[in-house]
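**Q** I would like the atomic coordinates for the input below:
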Amino acid sequence: MSTGCTNPLASNYDPTAVYDNGSCILEGCTDPTAMNYDGTANTDDGSCVYCNGEGSVMAQLYICTFSNGGEVELQITDDAGNVVYTASGLGTNAIFTTDLCLQTGMCYTATMINNVGPYGWYNGYFWINAGGVQIINASPAATAQSQSLPFSVDGMCSAVYGCMDPAATNYNPDAQIEDGSCLYPLGGCTDPLALNYNPQATEDDGSCVYPEACDQNLMVVTLTPGVFVNEASFDILDANGMLVLSGSGNSTQYACVTDGCYVLNMYDSFGDGWDGGGYITITINGVQYVYSLDISLSFNYVSFGINAEGCVPVVYGCTDPTALNYNYAATEDDGSCVYAEDCTSNLVSIIINTQNWGSEMSWSLVAADGSVAASGSGYSSWGYYEQYVCLEDGCYGNAIE
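**A** This is a model prediction of the structure:
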């Protein structure tokens, strides 16, 4: 039997060889200090590329995708139109990093593309750091199929950040990247001497709170969301379901409240909790309580009392432990219990596990005659749901969106 190079990637590959004799020639860049170092190559082909010329700066590119990551594409070109880098097909919930060799004095253009339609990057984003400084951090608009932004190592042609909403009081028509700074006509306390003075308020709504004017319980609520500030929000309801306080992002709210039971509702619009150590602090008459929304959750609540005990919020659901859809958290039965013995044909259990964008999910179970036997929609992100349906013998199909 013949011997030779059996590696099809080698330049001297021998398709007739049965045993490899170690003679394979794998060409590429063999210098570990080069940008395009190939650890599999054993023969240098002179293709090594270095980032050590005059004005060269090694930069770090970071891309983060969420849902539909396969539609995301990033193209980077220099001021002559030459493609410096391109990335696509990165996958869903992916993090991709690589090094770029950029030049000072050069204007670059980053073009963010959705290869399917005008849907942006589904909250995905990218950034580039050079010399320990972030020179661009951007995400395309949710309604854009393509959006281009300039950037440079030395800031000579960087994108303009600002408020891009024409309805805002500080709208910047020259802005190319939304920086979350938009201000809107806002009612609130306009008295700088009040605890809840809001410097952004344009009209006093009579909500000013003063320590000396509160003869009941002074409640101070501070939300510190951690990372992804704009995803976090909360509200506090009294025992009658009336709103006491609400807020979002980094904020502090005040209220003068009576003794009684209250419920704190915590929300995360993306469904991954208040990551990065986010928390909310409730201080009542100087006593402090701290709560947080765990990762993987889009919502959670906690009840508390002010000079009151046994405060449990009403949760509607099936309270019978023998039922298929028993809800251990329910405090009041809503008549929704389902029992196996009630089904005289085929009892079918349908389980739905959502991840990102649960509110966009819907499904239906369709019988052979076209009638819908069961359906569901309007779910929360990262949620678990179980639904039961009693079906007759026959053929069924499912439609998932």
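**Q** Show the pLDDT at the nearest residue to Asp44 once chain neighbours are set aside.
**A** Nearest non-adjacent residue to Asp44, counting by CB to CB, 6 or more residues apart in numbering: Thr30, 4.4 Å away. The way it works is simple: take the backbone N, C-alpha and C, and place the C-beta from them, glycine included. Reported pLDDT at Thr30 in the predicted model: 92.
**Q** which residues does Thr30 contact?
**A** By CB atoms under 8 Å, 6 or more residues apart in numbering, the contact list for Thr30 reads Tyr37, Asp38, Ala41, Asn42, Thr43, Asp44, Cys48.
**Q** Please check the residues you listed and keep the buried ones.
**A** Buried subset of the contacts of Thr30 (neighbour count, 16 or more other CB atoms under 10 Å): Asp38, Ala41, Cys48.
**Q** ok, so of those residues, who is nearest Val287?
**A** Asp38 (63.2 Å; CB to CB).
**Q** close enough to count as contact, the closest one and Asp31?
**A** No. Judged on CB atoms under 8 Å, Asp38 makes no contact with Asp31 at a distance of 9.5 Å.
**Q** quick one: which helix or strand includes the residue nearest to Asp44?
**A** Using DSSP states H and E, Thr30 sits in no helix or strand.
**Q** how close does it get to Ala41?
**A** 5 Å (CB to CB, to the nearest Å).
**Q** Confirm Glu212 sits in a strand?
**A** No. Counting by DSSP: H, G, I helix; E, B strand; the rest coil, Glu212 is not found in a strand; it is helix.
**Q** Near it, how many residues? Count them for me, please.
**A** Glu212 is flanked by 5 other residues according to other CB atoms under 10 Å.
**Q** From Ala194, how far off is it?
**A** On the measure of CB to CB, Glu212 and Ala194 end up 11 Å apart.
**Q** cool, and Met35?
**A** 58 Å.
**Q** Low-confidence regions, the chain specifically.
**A** 1, 313-316, 328-329, 354-359, 378-384, 399-401 (pLDDT under 70).
**Q** Could you find the closest non-adjacent residue to the residue nearest in space to the middle of it?
**A** In the chain, the C-alpha nearest the mean C-alpha coordinate belongs to Phe270, at 4.7 Å (CA atoms, centre = their mean). Excluding the flanking residues, the one nearest Phe270 by CB to CB, 6+ apart is Glu231, at 4.8 Å.
**Q** List the contacts of the one you found.
**A** Counting by CB under 8 Å, 6+ apart, Glu231 has contacts Pro225, Asp268, Ser269, Phe270, Asp272.
**Q** In strands, which of those residues fall?
**A** Asp268 (DSSP state E).
**Q** Only whichever of the contacts of Glu231 are buried, select them in PyMOL.
**A** With 16+ other CB under 10 Å as the criterion, this PyMOL line picks the buried residues out of the contacts of Glu231:
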select buried, resi 225+268+270+272
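**Q** Closest one to Thr3 out of the contacts of Glu231, please.
**A** Out of these, the member with the shortest distance to Thr3 (by CB to CB) is Asp272, at 56.0 Å.
**Q** you'd agree that closest one is up against Asp294?
**A** No. Applying CB under 8 Å, one finds Asp272 not in contact with Asp294, separated by 9.7 Å.
**Q** can you give me the strands for the stretch 1-150 of the chain?
**A** 3-4, 19-20, 27-28, 43-44, 56-64, 72-77, 83-88, 95-103, 108-114, 125-130, 133-138, 146-151 (DSSP state E, counting those that start in this stretch).
**Q** could I get the ones you listed as TSV with distance to Ala168?
**A** Shown next, in TSV, are these (distance: least, CB to CB, whole Å):
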stretch	distance to Ala168
strand 3-4	71
strand 19-20	67
strand 27-28	53
strand 43-44	57
strand 56-64	27
strand 72-77	28
strand 83-88	33
strand 95-103	32
strand 108-114	23
strand 125-130	21
strand 133-138	19
strand 146-151	20
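**Q** So which of those is nearest Val244?
**A** strand 125-130 (35.2 Å).
**Q** can you count the residues close to Gly117?
**A** 9.
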